[in-house]
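Asks: Just the structure for this:
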Amino acid sequence: MKDPVTRTLGEICDEVDGTIQTGPFGSQLHQSDYRDAGTPVVMPKDLVEGRVSVESVARIGFEDVERLSRHKLSVGDIVYARRGDIGRRALITGREAGWMCGTGCMRISLGDTVVHPVFLYYYLGQPAVVTWIYNQAIGATMPNLNTSIVRSVPITYPSLPTQRKIAAILSAYDDLIENNARRIAILEEMAQLLYREWFVHFRFPGHESVPMMEVYPERSNGGLGPKIEAVPQGWELKQLGDIADEVRRSAKPEEVDPATPYIGLAHMPKKSIALSDWGRAAETKSTKLVFEKGEILFGKIRPYFHKVGVALVQGVCSTDAIVIIPKAPEYFALTLACVSSEEFVEYATLTSQGTKMPRANWKVLVEYPVLLPPRPLLSRFNTVVEDIVAQIQNMIFCNINLRRTRDLLLPRLISGQLDVSRLDIDTEGIGR
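Replies: Numbering: from 1, shown residues only. Okay, the predicted model is just below:
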């Protein structure tokens, strides 16, 4: 293996006639330009786990795309967040080709004749490189990057064939992680659909032979919450407070080990089954709530009521979350499905209190109507959901190990400490 070469991104960019440029400024792209349909515009918030998320992506119309055509993205480009959470990035694939680099991002397009884009994508993700870039950023409150800073980033790289092999090895880990993420999403959807089938549409096993009975529940909170007029015979109309409790175990910053897992609202995805992300307690100096493994966390600030899931580790969370536990083990699945439902999110929204930062109140949430089926059916539902949670948990921890292994390999491969130049590795289709 030949000795690696070290140059700046700017030097490589000039050699290959590439592009390192910021996205359109606010004066070029206004809030009023965004549309419900059109071409996606990639912002820093859309850079999630090294990919472009379309969950809340903004869009613009054809006229604005043509006006800002110099910001169009191509396969192999890297979109890099240039302000705020520096280090977030995504490699553009065929799916995102033709989309737009948005405000707050930077487009790095260096072709593939000197530095392979997938190799560069991984190189820029090294903690040491991210730290170096962060230290060059301008501004204390909101760190910002400009083209001069990014052009000055030093990059050490081996020959192109070796770069492709390194990219192929690291991409294989990310492919496994992505496959697991898709399986997790399917399992989460299965659990939510099962709840709706059984507890909303009443299409549970054996429902054909169970007659419906009229009920006349007392209406509280001005009649908010789902209107229930009939339930299957043998079912009971209860309230959330009958099956679940809020737990408040406060802990001051000095009482918590800085390495303790910490879950803030930013770590909680929308309506998940299991919470797959967490940081460390050192990230925040505020008072926290202690939670145990298997307890349910619910975001209590509007518009974060859709952030909910089961904790897979013991740790601490933001006081902007409610820690919920079922009153009995058999109520676990029903409690989780209930607080994850669209109807419950709507109820929490309508009953939230406060003007500047409306919050959900557990004393009000406990009045949310819940249908309790006969014990055999409840037990069956609980078993199915617990199995789904267990499968999701296994895949989440598998992904944690895959990421850890990938990140340990990354600097060793790039430095040449692990020489792959003589290995026979398939590099076809990398980065497409």
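Asks: in the stretch 151-300 of the chain, which spans are helices?
Replies: For the stretch 151-300 of the chain, the helices defined by DSSP state H, counting those that start in this stretch occupy 160-195, 240-243.
Asks: which helices and strands sit right next to the longest one?
Replies: If you count contacts as 3 or more CB pairs under 8 Å, 6 or more residues apart in numbering; DSSP states H and E, helix 160-195 packs onto helix 117-123, helix 332-340, helix 375-415. All C-beta spots, glycine's among them, are computed from the backbone N, C-alpha and C.
Asks: neighbouring contacts of the helix or strand of the chain with the lowest mean pLDDT?
Replies: Lowest mean confidence among the helices and strands of the chain (mean pLDDT, DSSP states H and E): strand 274-275, at a mean of 84. With CB atoms under 8 Å, 6 or more residues apart in numbering as the test, strand 274-275 has contacts from 184, 263, 267-269, 297, 309-312, 389, 392-393, 396.
Asks: What's the per-residue pLDDT of the most centrally placed residue in the chain here?
Replies: Centroid-nearest residue in the chain, with CA atoms, centre = their mean: residue 269, separated by 5.1 Å. With respect to pLDDT, residue 269 has a value of 77.
Asks: Show the residue spans covered by the strands in the stretch 251-400 of the chain.
Replies: 261-263, 274-275, 279-280, 288-291, 296-299, 308-311, 315-318, 321-326, 369-372 (DSSP state E, counting those that start in this stretch).
Asks: Indicate which one of those is closest to residue 363.
Replies: Closest approach to residue 363 among these (CB to CB): strand 321-326, 11.2 Å.
Asks: Show me what the mean pLDDT comes to for the closest one.
Replies: Mean predicted lDDT for strand 321-326 stands at 95.
Asks: Now do it and helix 332-340, the angle between them.
Replies: 150 degrees (axes from the mean of the first three to the mean of the last three CA atoms, to 10 degrees).
Asks: for strand 321-326, packing partners?
Replies: Against strand 321-326 (3+ CB pairs under 8 Å, 6+ apart) you get strand 244-247, strand 288-291, strand 296-299, helix 332-340.
Asks: Just checking the distance from the second one to the centre of its chain.
Replies: Okay, so that is strand 288-291. Strand 288-291 sits 21 Å away from the centroid of its parent chain (CA atoms, centre = their mean, to the nearest Å).
Asks: same check, this time on the third one
Replies: Remark: strand 296-299 is offset 15 Å from the chain centroid, using CA atoms, centre = their mean.
Asks: got it, and the first one?
Replies: Average the C-alpha atoms of strand 244-247, do the same for its chain, and the two points are 26 Å apart (CA atoms, centre = their mean).
Asks: Now distance to residue 231 and mean neighbour count too, for the helices of the stretch 151-300 of the chain, in TSV please.
Replies: Formatted as TSV, the helices of the stretch 151-300 of the chain follow (distance: least, CB to CB, whole Å; neighbours: other CB atoms under 10 Å):
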stretch	distance to residue 231	mean neighbour count
helix 160-195	15	18
helix 240-243	15	18
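Asks: just for the stretch 1-150 of the chain, where's the confidence low?
Replies: Along the stretch 1-150 of the chain, the model assigns pLDDT under 70 to residues 1-2, 140.
Asks: just the strands in it please.
Replies: Taking DSSP E, counting those that start in this stretch, the strands of the stretch 1-150 of the chain run over residues 5-8, 19-22, 34-35, 39-42, 47-48, 51-52, 58-60, 78-81, 89-91, 100-101, 105-109.
Asks: Which one, of the ones you listed, ends up nearest to residue 176?
Replies: Distance to residue 176, taken as CB to CB, is lowest for strand 51-52 among those, at 14.3 Å.
Asks: what's that closest one packed up against?
Replies: By 3+ CB pairs under 8 Å, 6+ apart, strand 51-52 packs against strand 89-91.
Asks: so how far is the strand it packs on from its chain's centroid?
Replies: 15 Å.
Asks: ok, now stretch 229-248?
Replies: Taking CA atoms, centre = their mean, the mean C-alpha location of stretch 229-248 is offset from the chain mean by 31 Å.
Asks: neighbouring contacts of that stretch?
Replies: Against stretch 229-248 from outside (CB under 8 Å, 6+ apart): 202, 204, 207, 210-215, 217, 228, 289, 291, 295, 322-328, 331, 334-335, 338-339, 362, 365-374.
Asks: Quick check: buried residues in that stretch?
Replies: Using 16 or more other CB atoms under 10 Å as the test for burial, stretch 229-248 gives 231, 232, 235, 238, 239, 240, 241, 243, 244.
Asks: Appreciated, that's everything.
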